[in-house]
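Visitor: I would like the atomic coordinates for the input below:
(chains A and B)
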There are 2 protein chains.
Amino acid sequence: MPSHFFDVAAAAAFSEKKMTKINLFESPRMFCDVYGLEPGQAQTQHVHEGSDKVYFALRGTCVVTIGQDKRELHPGELAVAPSGMAHSLSNESADRATLLVMMAPHPSFKG
Amino acid sequence: MPSHFFDVAAAAAFSEKKMTKINLFESPRMFCDVYGLEPGQAQTQHVHEGSDKVYFALRGTCVVTIGQDKRELHPGELAVAPSGMAHSLSNESADRATLLVMMAPHPSFKG
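Guide: Residues are numbered from 1 along each chain as shown, chains lettered A, B, ... in the order given. Okay, here's the model as predicted:
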């Protein structure tokens, strides 16, 4: 049986190639990932129809755009991209950034 | 239009009466709350059939029980209660505890 407890920042991983996603938990109802972004890495603008997405900044700083609203997300701050709203993510700082990311429902659960 | 950005710990609230829930975002797909627990406050054991719940500790320490698995949840740690699994929450420390809590899908969305 998988554990129900996670040290989120410790689970983060980083790659020089691209933003790294580590899954902590998934079901048809949701996924819970940790994203690791090296400086300069980004998730380009995209939309999920039918799923809401939450970003919570754990370490470092990312620029998050939700619709027309663009802000720096600092540790302890959360951004919500509701279903159908375009969003993007970019680490424009000199340091690594770690985010907790949840989406509901899971857009592509394979079981 | 509601904001898409939140300072989570700053949104927390506390009451001597009982554990306090502040909603940041909700839809039929999920809710995202901040829980504030004074020392001694708790959420008794309960089960959600059809929804997954995630607890992420922001400040302070809570004892979290997921099924038979009981642990102290410290800041930066996350606990998942999958659909159908009994879970409870208890602040057994001398300090306030703040948690980010998400559930998907929302068990009682009223719009």
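Visitor: Now do stretch A:84-99, average pLDDT.
Guide: When pLDDT is averaged over stretch A:84-99, the result is 97.
Visitor: which helices and strands sit right next to the lowest-mean-pLDDT helix or strand in chain A?
Guide: For chain A, counting by mean pLDDT, DSSP states H and E, helix A:8-11 ranks last in confidence among helices and strands (a mean of 92). Helices and strands touching helix A:8-11, as assessed by 3 or more CB pairs under 8 Å, 6 or more residues apart in numbering or on different chains; DSSP states H and E, comprise strand A:20-27, strand A:30-37, strand A:52-59, strand A:97-104. Where C-beta positions appear, they are placed from N, C-alpha and C, glycine not excepted.
Visitor: So which of the ones you listed is the most surrounded?
Guide: strand A:97-104 (a mean of 26; mean count of other CB atoms under 10 Å in any protein chain shown).
Visitor: Show me which residues of chain A are close to chain B?
Guide: Within chain A, the residues that sit near chain B (CB under 8 Å from any CB of the partner chain) are A:3-9, A:24-25, A:27, A:29-30, A:32, A:50-52, A:54, A:56, A:58, A:64, A:66-67, A:69, A:71, A:73, A:76-83, A:85, A:100, A:102, A:104-105.
Visitor: show me the contacts for the closest residue to chain B within chain A.
Guide: Distances between chain A and chain B by CB to the nearest CB are smallest at A:A104, namely 3.3 Å. The neighbourhood of A:A104, defined by CB atoms under 8 Å, 6 or more residues apart in numbering or on different chains, consists of A:29-30, A:51-52, B:29-30, B:102, B:104-105.
Visitor: Let me have those in JSON lines, extended by pLDDT.
Guide: JSON lines is the format used below for these (pLDDT from 0 to 100):
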{"residue": "A:R29", "pLDDT": "97"}
{"residue": "A:M30", "pLDDT": "98"}
{"residue": "A:S51", "pLDDT": "97"}
{"residue": "A:D52", "pLDDT": "97"}
{"residue": "B:R29", "pLDDT": "97"}
{"residue": "B:M30", "pLDDT": "98"}
{"residue": "B:M102", "pLDDT": "98"}
{"residue": "B:A104", "pLDDT": "98"}
{"residue": "B:P105", "pLDDT": "97"}
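Visitor: you'd agree A:E38 is up against A:S15?
Guide: Yes. With contact defined as CB atoms under 8 Å, A:E38 counts as touching A:S15 (7.4 Å).
Visitor: Give me the more crowded residue out of the two.
Guide: With other CB atoms under 10 Å in any protein chain shown as the criterion, A:E38 and A:S15 differ in neighbour count, and A:E38 comes out ahead with 17 against 11.
Visitor: From B:Y35, how far out is the more buried one?
Guide: Computed as CB to CB, to the nearest Å, the A:E38 to B:Y35 distance reads 33 Å.
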